[in-house]
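Chemist: A structural model of the following input is requested.
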Amino acid sequence: AELEPVEQVEDGQLLEQPKKYPYPVAYNDHFETRTIALKHLKPALAALQEALRPNTPEAFALYDPYYCEGAVKAKWRGLGFENVI
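Modeler: I've put the predicted structure just below:
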């Protein structure tokens, strides 16, 4: 069943609607991880990075399953995580 579109709000601002695609998509399958969620994860990920890659933080890779258009990569970089796939 197709889900109804939902408004995407972050930091009190209505976010852009997802792009149109040249193939059938489920509306709610095309969003990226919200900044607030990344901020919540940062302390745990920073501790994990320090434990696993203390001398080579650039080798610590994050996989974000809600990468979509790629803007989340810049958000992660802004939080200090360079290697995002």
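
Chemist: Now do the buried residues in the helix or strand hosting residue 74.
Modeler: In this assignment (DSSP states H and E), residue 74 forms part of helix 71-78. Of all the residues in helix 71-78, those buried under the rule 16 or more other CB atoms under 10 Å are 72, 73, 75, 76. Just so you know, the C-beta spots here come from the backbone N, C-alpha and C atoms, and that holds for glycine as well.

Chemist: Which residues does the helix or strand just after that helix contact?
Modeler: The helix or strand immediately downstream of helix 71-78 is strand 83-84, counting by DSSP H and E. Outside strand 83-84, the residues that touch it by CB atoms under 8 Å, 6 or more residues apart in numbering are 58, 59, 60, 61, 62, 63, 64, 67, 72, 73, 76, 77.

Chemist: Name the nearest of the residues you listed relative to residue 48.
Modeler: Closest approach to residue 48 among these (CB to CB): residue 60, at 7.8 Å.

Chemist: ok now do the closest one, which residues does it touch?
Modeler: Taking CB under 8 Å, 6+ apart, one finds 48, 49, 52, 53, 81, 83 in contact with residue 60.

Chemist: Give me the secondary structure label for the residue nearest to the spatial centre of the chain.
Modeler: By CA atoms, centre = their mean, the chain has its centre lying nearest to residue 33, at 3.4 Å. Under DSSP: H, G, I helix; E, B strand; the rest coil, the three-state class of residue 33 is coil.
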